[in-house]
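Visitor: Kindly return the folded structure for what I paste below:
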Amino acid sequence: VRAVIRLYGQAFEQKDADALRRIWPSLGDKYGRYKHIFDTASSIRYQVIIESVEINADGTRAVVTGQISELYTPKGGKTYPAVNQPVIFHLELTRSGTWVIDDTQ
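Guide: Below you'll find the model as predicted:
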């Protein structure tokens, strides 16, 4: 579960919408939005701080709560002030035995 959350943060730092979609297959229409954000960024510093991980009784779903710290610099622009916000990840275990993100809040 923690590895998937780490990959989520790396996808932002690497500005890789395809990597994001691999760990969040239900991303859907949000893919285009993230791709645009990544394409217009000069750099993104992104950190997810995990506060808790709860896995349901049958081991097929998990909820991760934490905080996101983000510094966004657009191409040709100045870095925006750091954004710190709470986040909740909902994950599910796939049939192949890997965890993926189902949704975020």
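Visitor: secondary structure element for Ser42?
Guide: Ser42 belongs to strand 41-55 when assigned by DSSP states H and E.
Visitor: Strands of the protein, start to end?
Guide: Under the criterion DSSP state E, strands of the chain are mapped to 41-55, 61-74, 83-93, 99-104.
Visitor: how about those in JSON lines, adding distance to Tyr34 and mean neighbour count?
Guide: To be clear about C-beta, it is placed using only N, CA and C from the backbone, and glycine gets the same treatment. Converted to JSON lines, these look like this (distance: least, Cβ to Cβ, whole Å; neighbours: other Cβ atoms under 10 Å):
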{"stretch": "strand 41-55", "distance to Tyr34": "10", "mean neighbour count": "14"}
{"stretch": "strand 61-74", "distance to Tyr34": "12", "mean neighbour count": "16"}
{"stretch": "strand 83-93", "distance to Tyr34": "15", "mean neighbour count": "15"}
{"stretch": "strand 99-104", "distance to Tyr34": "11", "mean neighbour count": "17"}
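Visitor: Ser26: which of the ones you listed is closest?
Guide: Evaluated with Cβ to Cβ, the strands of the chain place strand 99-104 nearest to Ser26, the distance being 5.8 Å.
Visitor: averaged over its residues, what pLDDT does the closest one have?
Guide: In this model, strand 99-104 carries a mean pLDDT of 97.
Visitor: So what touches it?
Guide: Contacts with strand 99-104, where a contact means Cβ atoms under 8 Å, 6 or more residues apart in numbering, come from 1, 3-4, 8, 23-26, 61-62, 87-94.
Visitor: Could you tell me how many residues sit around Arg2?
Guide: Using other Cβ atoms under 10 Å, Arg2 has 12 neighbouring residues.
Visitor: what residues are up against the closest residue to it other than its chain neighbours?
Guide: Closest residue to Arg2 apart from its sequence neighbours, by Cβ to Cβ, 6 or more residues apart in numbering: Ile50 at 6.4 Å. For Ile50, the contact set (Cβ under 8 Å, 6+ apart) comprises 2, 5, 64-66.
Visitor: okay, the residues you listed in CSV with distance to Arg45 next?
Guide: Listed next are these as CSV, based on distance: Cβ to Cβ, whole Å:
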residue, distance to Arg45
Arg2, 20
Ile5, 16
Val64, 20
Thr65, 21
Gly66, 16
